[in-house]
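Novice: Dropping a prediction and its sequence here:
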Amino acid sequence: MFGDLERSRALAYSAVFIGLIALGSWISIPFIPVPFTLQTLFVLLAGAVMKRRAVLPVAAYVILGTLGLPIFHNGMSGPGVLLGPTGGYLAGFLVSALIVGLAYEHSSRPFRIAGLAIGTAVTLLFGMAWLMISAGMGFFPAFVAGVLPFIPGGILKAVVVYIIAERLQ
């Protein structure tokens, strides 16, 4: 890695974003069946800052939590979290980070805004789909429990990420 500034930067940013996503999981408001957390804010920010490489810290975060590090919401860990009601959101983080990262590789503001919106929607839709599978919910109950309450917060987080990323660029 000596002399490879891009790889060194990716490694440093990955460490920072793993820590921020884990910290965001502790900032949580209990809600049934899925709590409100700030994880998604940091997943979106990782995409905006690291571009397509944002998948690396998000994947590492999911792997570390699955292996037993207490970094999922409220200190939870293990494969049971992935199989529980929040597992779909965690899987959605990976796709969301990639979508936002690809959008931020373009300099077009509308493209970036669309990437944040789609990335947020993807996380919610993955979460809803997994609620339907893991909890046996129908489409409408899963939408009401797993998407609808999170839309205002998702919009707010996307706006905050856009503002922060504009200042960092």
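Specialist: Structure's in. What do you need? Numbering: from 1, shown residues only.
Novice: count of neighbours near residue 166?
Specialist: Neighbourhood size, residue 166 [other CB atoms under 10 Å]: 11. Bear in mind the C-beta positions are built from the backbone N, C-alpha and C, glycine included.
Novice: Can you tell me the SS state at it?
Specialist: helix (DSSP: H, G, I helix; E, B strand; the rest coil).
Novice: Likewise for residue 106?
Specialist: The local conformation at residue 106, judged by three-state DSSP, is coil.
Novice: Look at it and say how many residues are nearby.
Specialist: Around residue 106 sit 13 other residues, with neighbours defined as other CB under 10 Å.
Novice: Please report the distance of it from residue 51.
Specialist: Per CB to CB, to the nearest Å, residue 106 is found 10 Å from residue 51.
Novice: leaving aside the residues next to it on the chain, what's closest to residue 150?
Specialist: Nearest non-adjacent residue to residue 150, counting by CB to CB, 6 or more residues apart in numbering: residue 124, 5.8 Å away.
Novice: can I assume that neighbour is in contact with residue 152?
Specialist: No: using CB atoms under 8 Å, residue 124 is not in contact with residue 152, being 11.7 Å away.
Novice: Just the residues contacting the lowest-mean-pLDDT helix or strand in the chain, thanks.
Specialist: Lowest on mean pLDDT, DSSP states H and E among the helices and strands of the chain sits strand 28-29, with a mean of 78. With CB atoms under 8 Å, 6 or more residues apart in numbering as the test, strand 28-29 has contacts from 35-37, 73-74.
Novice: Just the ones of those in strands?
Specialist: 36-37 (DSSP state E).
Novice: Quick one: buried ones out of the contacts of strand 28-29?
Specialist: With neighbours counted by 16 or more other CB atoms under 10 Å, those contain buried members at 35, 37, 73.
Novice: now the second one, which residues is it bridged with?
Specialist: The bridge-partner assignment for residue 37, based on DSSP bridges, gives residue 28.
Novice: what's near enough to touch it?
Specialist: So residue 37 contacts 24-25, 27-29, 73 (CB under 8 Å, 6+ apart).
Novice: one more time with 7 Å, if that's ok
Specialist: 24-25, 27-28, 73 (CB atoms under 7 Å, 6 or more residues apart in numbering).
Novice: and the residues you listed, which are buried?
Specialist: By neighbour count, with 16+ other CB under 10 Å, the contacts of residue 37 hold 24-25, 73 as buried.
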